[in-house]
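Engineer: Okay, predicted coordinates and the sequence, questions at the end:
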Amino acid sequence: MPANRLTRVLIVDDSAVMRSLLRSVVSSDEQLEVAGTATDGASALASLELVRPDLILLDVEMPVMDGLVTLKQLRARGHKMPIIMCSSLTHRGAKVTIEALAGGASDYVAKPRGQESRAAAMRALANDLIPKIHALASQPSTPAEIAAHDAARLPALLPLAPPKPQTVRFPASVAPSVVVAGVSTGGPAALDVFLPALPAAFPLPLLIVQHMPELFTGLLAERLNARCKLRVREATEGAAISAGTAYIARGNWHLEVVHGAGAAARPVLHLSQGALENYCRPAADVLFRSAARVYGGAVLAVVLTGMGSDGLNGSRVIREQGGCVVAQDQASSIVWGMPGAVARAGLVQKILPLEAIAPEILKMVSRPPATGEPHETHRLIV
């Protein structure tokens with residue numbers, strides 16, 4: 001989208017109070033404008049040609065046509081604009097939101113509750129919503145747009161970059177014993193592709209940080225477990241780490257790997273409520289560092305779509321130990337923040353489309369241990 005044009009936002013919510021709050025939040029940002037409002041999905045669909053939004057804020061629960069049905073209709077009709085679901089923090093709201101995120105929604109925000117005033121509710125919603133709108137609205141969608149986007153951002157991203165790729169040396173990688181993954185914006189849809197592609201007999205455990213509240217992560221694990229050949233569980237304190245199982249970090253709790261009791265004990269999971277990292281809890285950096293402490297160089301890190309740079313520092317620790325890092329490419333990412341950060345830092349062995357990541361991992365886990373001199377990787381210039 002041209003940099004000098006305002007991002008047009010369509011607000012769809014049956015609550016007059018919520019529509020008013022969302023309108024105030026969107027209008028408070030000088031780069032955004034309210035394209036229109038609708039009270040249900042059917043009205044929103046009917047208004048698209050008139051209002052031509054760049055992004056839609058879509059309520060989950062509405063009469064006439066709810067958010068999930070509206071989302072499916074939008075995608076079935078070929079509309080590709082980003083859609084942010086507005087969810088209540090209830091079991092039903094969270095469950096429907098998970099389905100929406102897996103079915104094509106770009107992200108979600110939780111409706112504010114418990115604030116002492118409208119101004120406080122507006123601040124809380126704006127702090128969550130505005131960065132997501134900007135991140136989603138700025139994402140290029142075609143190869144030509146991606147190339148132009150990268151060219152425009154090059155001086156800011158890499159002011160000291162040499163004119164050709166810079167060679168970086170790391171210790172030689174060994175065959176991995178564990179897979180760790182970090183994902184945020186667009187995560188449920190990405191995990192919906194990545195995890196079902198792995199077999200029931202996958203020989204390693206997978207530990208996954210998805211940035212989500214506590215109410216959502218258990219429901220996400222349940223949904224993925226029903227869709228995957230391997231087992232998917234929400235992480236629990238002290239659980240022994242088993243091959244063929246994917247553990248989803250519990251919302252609002254950091255997930256770490258620690259040594260089990262006894263010399264022969266398997267590593268176990270540890271949940272903590274330490275300080276936020278990268279404004280997140282759980283944080284991928286916390287998980288990645290702990291995995292490197294326990295498994296050394298036998299860690300394979302996967303960095304998937306997401307805002308920000310969570311996973312960057314942890315990936316550096318993994319590479320310094322001799323582990324591997326794979327990142328999702330920009331074209332298949334909802335937001336190329338997290339994977340882009342590790343790619344630009346020269347920490348990745350492979351940058352792959354989402355659907356190619358599981359097959360590549362299967363190749364990597366079956367290879368013999370590497371020996372000899374440290375290998376070379378190349379810093380990606382974008």
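Structural biologist: Everything's here; your move.

Engineer: quick one, strands of the stretch 101-250 of the chain?
Structural biologist: Counting by DSSP state E, counting those that start in this stretch, the stretch 101-250 of the chain has strands at residues 107-110, 167-169, 178-183, 206-210, 231-234, 245-248.

Engineer: which of those has the lowest average pLDDT?
Structural biologist: For the strands of the stretch 101-250 of the chain, mean pLDDT drops lowest on strand 167-169, to a mean of 51.

Engineer: Let me know the pLDDT of Asp150.
Structural biologist: 46.

Engineer: what does Glu116 give?
Structural biologist: 85.

Engineer: separation between Asp14 and Ser43?
Structural biologist: Separation of Asp14 from Ser43 (CB to CB, to the nearest Å) stands at 10 Å. The C-beta positions use only the backbone N, C-alpha and C, and glycine is treated the same way.

Engineer: try Gly340
Structural biologist: 37 Å.

Engineer: Neighbour count: those two, which is higher?
Structural biologist: Gly340 (26 against 17; other CB atoms under 10 Å).

Engineer: before we move on, what SS does the more buried one have?
Structural biologist: With DSSP: H, G, I helix; E, B strand; the rest coil as the basis, Gly340 sits in helix.

Engineer: Quick check: it touching Gln330?
Structural biologist: Yes - Gly340 lies in contact with Gln330 (CB atoms under 8 Å); the separation is 6.6 Å.

Engineer: hang on, the earlier thing: figure out which of the strands of the stretch 101-250 of the chain is closest to Gly311.
Structural biologist: strand 178-183 (3.9 Å; CB to CB).

Engineer: now what about that closest one, what contacts it?
Structural biologist: 190-191, 194, 204-211, 241, 257, 267, 284-285, 287-288, 291, 295, 298-306, 310-311, 314, 318, 338, 361, 365 (CB atoms under 8 Å, 6 or more residues apart in numbering).

Engineer: Out of the residues you listed, which end up buried?
Structural biologist: Neighbour-count burial within those applies to 190-191, 194, 204-211, 241, 257, 267, 284-285, 287-288, 291, 295, 298-306, 310-311, 314, 318, 338, 361, 365; the criterion is 16 or more other CB atoms under 10 Å.

Engineer: Just those: which are in helices?
Structural biologist: Cross-referencing the buried ones among the contacts of strand 178-183 against helices under DSSP state H gives 190-191, 194, 284-285, 287-288, 291, 295, 314, 318, 338, 361, 365.

Engineer: What score does the spatially most central residue of the chain have for pLDDT?
Structural biologist: Note on the chain: the residue nearest the mean C-alpha position is Ser184, at 2.0 Å, using CA atoms, centre = their mean. We have a pLDDT of 96 for Ser184.

Engineer: which one is it nearest to, not counting chain neighbours?
Structural biologist: Distance criterion CB to CB, 6 or more residues apart in numbering; nearest residue to Ser184, sequence neighbours excluded, is Gly306 at 2.8 Å.

Engineer: same deal with Gly274?
Structural biologist: Per CB to CB, 6+ apart, closest to Gly274 is His254, 5.4 Å.

Engineer: do the same with Ser88
Structural biologist: In space, Ser88 is closest to Lys111, 5.2 Å off (CB to CB, 6+ apart).

Engineer: neighbours around the nearest residue to Thr217 once chain neighbours are set aside, how many?
Structural biologist: Of all residues beyond its chain neighbours, the one nearest Thr217 is Gly251 (4.3 Å), with distances taken as CB to CB, 6+ apart. Neighbourhood size, Gly251 [other CB under 10 Å]: 19.

Engineer: hang on, Gly251 in a strand?
Structural biologist: No - under three-state DSSP, Gly251 falls outside any strand and is assigned coil.

Engineer: so it makes contact with Met212?
Structural biologist: Yes - judged on CB under 8 Å, Gly251 makes contact with Met212 at a distance of 5.0 Å.

Engineer: Can you mark which positions in the longest helix along the chain are buried?
Structural biologist: Under DSSP H, the helix in the chain containing the largest number of residues is helix 118-137. For helix 118-137, the neighbour count (16+ other CB under 10 Å) marks 121-122, 124-126, 128-130, 132-133, 135-137 as buried.

Engineer: just to revisit the earlier point, what sits against the residue nearest to Ser184?
Structural biologist: 182-187, 211, 333, 335, 337-339.

Engineer: now those in a markdown table, with distance to Glu30?
Structural biologist: Formatted as a markdown table, the contacts of Gly306 follow (distance: CB to CB, whole Å):
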| residue | distance to Glu30 |
| --- | --- |
| Gly182 | 32 |
| Val183 | 31 |
| Ser184 | 26 |
| Thr185 | 23 |
| Gly186 | 27 |
| Gly187 | 30 |
| His211 | 27 |
| Ser333 | 27 |
| Val335 | 22 |
| Gly337 | 23 |
| Met338 | 27 |
| Pro339 | 30 |
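
Engineer: most surrounded residue in the residues you listed?
Structural biologist: So for the contacts of Gly306 (other CB under 10 Å), the most neighbours sit at Gly182, 33 neighbours.

Engineer: What distance do you get for that one to Asp14?
Structural biologist: 35 Å.

Engineer: for Ser333, same thing?
Structural biologist: 32 Å.

Engineer: do Ala243 as well
Structural biologist: 47 Å.

Engineer: Tell me which of these two has more neighbours.
Structural biologist: It is Asp14, of Ala243 and Asp14, that has more neighbours when counted by other CB under 10 Å, with 17 against 14.
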